[in-house]
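Undergrad: when you get a sec, could you give me coordinates for this:
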Amino acid sequence: MGQVSDASSDLPLQGAHIFIASSLIGAASGVDGSFQLNDIPPGAHRIVISMLGYETASIDTLLRENQSYDLDLRLHSIVVELEEVVINARLARRWQRRLKKFTRLFIGETINSQYTTIINPEVLSFKSRLGKLSATASAPLIIENRALGYQLHYYLKEFFYFGTTIKYDGEPSFTELTPSDSLEWDRWQSNREIAFFGSDRHFLLSLITQRTQDEGFQVHHRNSMEPSSTRFQIDPARLIEQGPTPLEKLLSFSRILEVTYDNELEDESFKKWQRQPNWQRPGPQRSFMELNSGPTLIDESGEVIDPYGVVMYGYFAFERIADKVPKEYRPPNWMP
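TA: Numbers count the residues shown, from 1 in each chain. Down below sits the predicted model:
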């Protein structure tokens with residue numbers, strides 16, 4: 001529980017949105033600025049506070065089980081300067097081309113991406129030069145995912161693309177959509193399970209609980225991602241060390257980690273994304289991981305605490321926003 005107020009006047013703020021990043025957990029502040037977040041699982045979380053006319057703020061905190069916390073949150077007001085609107089057909093076409101490219105890179109190219117839409121693309125601004133593309137958003141992106149049954153408010157901090165490198169960072173808040181009928185609800189439940197199994201979160205959770213083989217993962221060490229590079233199997237238990245707190249683990253390895261998920265095959269859209277020939281048979285989902293700057297922390301929910309701590313390649317990189325489920329999601333009857 002806690003209270004949100006204006007940093008300058010100390011007056012309470014009504015209608016601020018407070019949420020746990022990447023989760024379904026959120027609340028709005030009342031008339032007196034108070035709010036309450038319930039049923040938060042223990043672990044490392046980012047609490048995000050957003051309100052129109054104020055700078056979005058966030059707090060990284062470690063929440064323990066069976067403890068309550070009282071947060072005093074203060075927001076700083078900002079002056080929103082409206083950009084000059086220039087009506088120009090050529091500029092409009094260029095913006096549309098950049099939007100199409102951004103959507104492909106950010107939402108992804110999986111089957112789920114075909115049912116995922118950015119509702120308010122007009123908040124996006126792009127800069128493109130010499131093959132580089134960057135994007136900013138003047139308001140949270142509202143993303144409707146009719147494949148998984150979620151609406152996301154995505155607070156985009158950074159998006160950058162150049163060559164084969166894509167970097168994006170932001171805070172998503174999930175809410176569940178209302179299904180049109182029971183068939184759509186059943187389809188959402190099935191798609192959520194498919195999105196979870198074989199994902200980077202599924203892998204990290206199985207790594208923490210030392211169940212990689214039981215969950216269908218094979219782990220190898222490689223000197224590089226070149227086909228001819230040395231490849232040998234390693235004990236996954238060696239990849240995880242105890243972190244600074246009981247709720248955090250340290251992921252540590254050198255060079256490249258190859259992760260193969262045997263329980264699902266690559267889909268057709270992955271072959272297209274990889275520029276593979278159509279006649280090539282699909283194989284098990286294979287991904288590669290590389291630590292950006294040494295060992296990095298992950299929490300009990302399988303979340304990498306530093307958004308740029310791990311660089312993903314292969315299938316983990318192929319699945320993007322359209323394939324994300326909330327951090328607390330677990331398939332029914334699945335025991336970690």
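Undergrad: going by C-alpha atoms from here, please, whenever you check contacts or count neighbours.
TA: OK.
Undergrad: residues contacting stretch 300-313, please?
TA: 42-44, 169, 201-202, 204-205, 208, 247-249, 287-293, 296-299, 327-328 (CA atoms under 8 Å, 6 or more residues apart in numbering).
Undergrad: narrow those residues to those in strands?
TA: 43-44, 169, 248-249, 287-291, 296-299 (DSSP state E).
Undergrad: of the residues you listed, select the buried ones using a ChimeraX command.
TA: Of the ones in strands among the contacts of stretch 300-313, the buried ones go into a single ChimeraX selection, burial set by 16 or more other CA atoms under 10 Å:
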select :43,44,248,249,287,288,289,290,291,296,297,298,299
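Undergrad: okay, helices next: where are they in the stretch 201-336 of the chain?
TA: Under the criterion DSSP state H, counting those that start in this stretch, the stretch 201-336 of the chain carries helices at the ranges 268-273, 315-318.
Undergrad: okay, these, which one's buried deepest?
TA: helix 315-318 (a mean of 19; mean count of other CA atoms under 10 Å).
Undergrad: mind exporting that one as CSV, just the C-alpha atoms?
TA: The C-alpha trace of helix 315-318 is given here as CSV (Å, rounded to 0.1, in the frame of the first residue of the first chain):
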residue,chain,number,x,y,z
TYR,A,315,14.3,-18.5,-31.1
PHE,A,316,14.5,-16.5,-27.9
ALA,A,317,15.1,-13.4,-30.1
PHE,A,318,12.4,-14.4,-32.6
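Undergrad: neighbouring contacts of that helix?
TA: Residues outside helix 315-318 that contact it (CA under 8 Å, 6+ apart): Gly108, Glu109, Thr110, Ser199, Asp200, Phe270, Trp273, Gln285, Arg286, Ser287, Phe288.
Undergrad: got JSON lines for the helices of the stretch 201-336 of the chain, with mean pLDDT and distance to Ser128 too?
TA: Converted to JSON lines, the helices of the stretch 201-336 of the chain look like this (pLDDT from 0 to 100; distance: least, CA to CA, whole Å):
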{"stretch": "helix 268-273", "mean pLDDT": "86", "distance to Ser128": "22"}
{"stretch": "helix 315-318", "mean pLDDT": "95", "distance to Ser128": "22"}
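Undergrad: among the ones you listed, which comes closest to Ala195?
TA: helix 315-318 (11.1 Å; CA to CA).
Undergrad: you'd agree Asp186 is in a helix?
TA: Yes - under DSSP: H, G, I helix; E, B strand; the rest coil, Asp186 falls within a helix.
Undergrad: still on that earlier bit, which stretch among the helices of the stretch 201-336 of the chain comes nearest His221?
TA: For those, the distance to His221 is smallest for helix 315-318, at 16.5 Å, taking CA to CA.
Undergrad: could you point out which element follows the longest helix along the chain?
TA: Secondary structure of the chain per DSSP state H: the longest helix is helix 89-107. Per DSSP states H and E, helix 89-107 leads on to strand 116-118 as the next helix or strand towards the C-terminus.
Undergrad: the stretch 101-250 of the chain: strands as residue ranges?
TA: 116-118, 124-129, 132-137, 141-145, 150-162, 165-176, 217-222, 231-233, 240-242, 248-251 (DSSP state E, counting those that start in this stretch).
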